[in-house]
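Visitor: sequence first, predicted coordinates after that:
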Amino acid sequence: MCSFVVAMAELSLRKADVEEKRAKVQKESKVLLEYTRKAIAKLNDLKKTLVKFENEVPLHDAQMLQWQTNLAIMDSKERQYNLQHANYKALLKRVGYTPEINHGVLMEMAEHRKDLEKKTKPILDTLRSYQDLPPDKALAALAIEEKKRQYAAAEKYLEDVLHSALTTPEI
């Protein structure tokens, strides 16, 4: 009977041990079950997100294509503007533009030009009257004499016209 009691005590200890292990395993399995449920819920959420993103891909591809087209257009415009800029720089260099030339300086130069034109206009008018004179001094004197005769003839004609107008009886 002693061995029976010892065996029963041993069985009892083993049973308590197994029950303890079983409770521990049940607790771990509950934790794993909860973790698995959360993982499955997260997986479902991720699948929904994936489907959503897959549905948005064509829209984003179209937008990306549009951006690439716009980028190509912008690149060509950049090249065009750089070429124009280089051409304008060359043109400015050819005509002698310097950064010191600005609106104020140009306005001052225009005012100075107007002043010079006002000063030189009477001189130019006088010189124009001498342009039709021959280059030789003797010929010039002859031309001056001819002009004096023409002037005298014009004065005589005017006097005759005025004199005849005064002497004619009124009708």
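Guide: That came in fine, so what should we check first? Numbers count the residues shown, from 1 in each chain.
Visitor: buried ones in stretch 149-167, by neighbour count?
Guide: Within stretch 149-167, no residue counts as buried by 16 or more other C-beta atoms under 10 Å. The C-beta positions use only the backbone N, C-alpha and C, and glycine is treated the same way.
Visitor: for the protein, give me the ranges with low pLDDT.
Guide: Residues of the chain meeting the criterion pLDDT under 70: 132-134, 168-171.
Visitor: spatially central residue in it, please.
Guide: Computing the C-alpha centroid of the chain and ranking residues by C-alpha atoms, centre = their mean puts Y81 first, at 8.6 Å.
Visitor: okay, and that one sits in which element?
Guide: Using DSSP states H and E, Y81 sits within helix 2-94.
Visitor: give me the next element, helix or strand, following that helix.
Guide: In N-to-C order, the element after helix 2-94 by DSSP H and E is helix 103-129.
Visitor: domain-wise, how is the protein divided?
Guide: Domain segmentation of the chain under automatic domain parsing yields 1-97, 106-130, 132-171.
Visitor: separation between the residue nearest to the centre of the chain and R94?
Guide: In this structure, Y81 and R94 are 20 Å apart, going by C-beta to C-beta, to the nearest Å.
Visitor: equivalent analysis for L71, please.
Guide: From L71 to R94 the distance is 34 Å (C-beta to C-beta).
Visitor: cool, and V31?
Guide: In terms of C-beta to C-beta, V31 sits 85 Å off from R94.
Visitor: please apply the same query to I101.
Guide: 14 Å.
Visitor: who has more neighbours, these two?
Guide: I101 (12 against 8; other C-beta atoms under 10 Å).
Visitor: give me the element L142 is part of.
Guide: With DSSP H and E as the criterion, L142 is inside helix 137-167.
Visitor: nope, P135 is what I was after
Guide: Going by DSSP H and E, P135 is not part of any helix or strand.
Visitor: count of neighbours near it?
Guide: 6.
Visitor: again, but for R128
Guide: Counted with other C-beta under 10 Å, the neighbours of R128 add up to 9.
Visitor: over to the one 3 residues further on?
Guide: The tally of other residues near Q131 (other C-beta under 10 Å) stands at 6.
Visitor: how about the secondary structure of it?
Guide: coil (DSSP: H, G, I helix; E, B strand; the rest coil).
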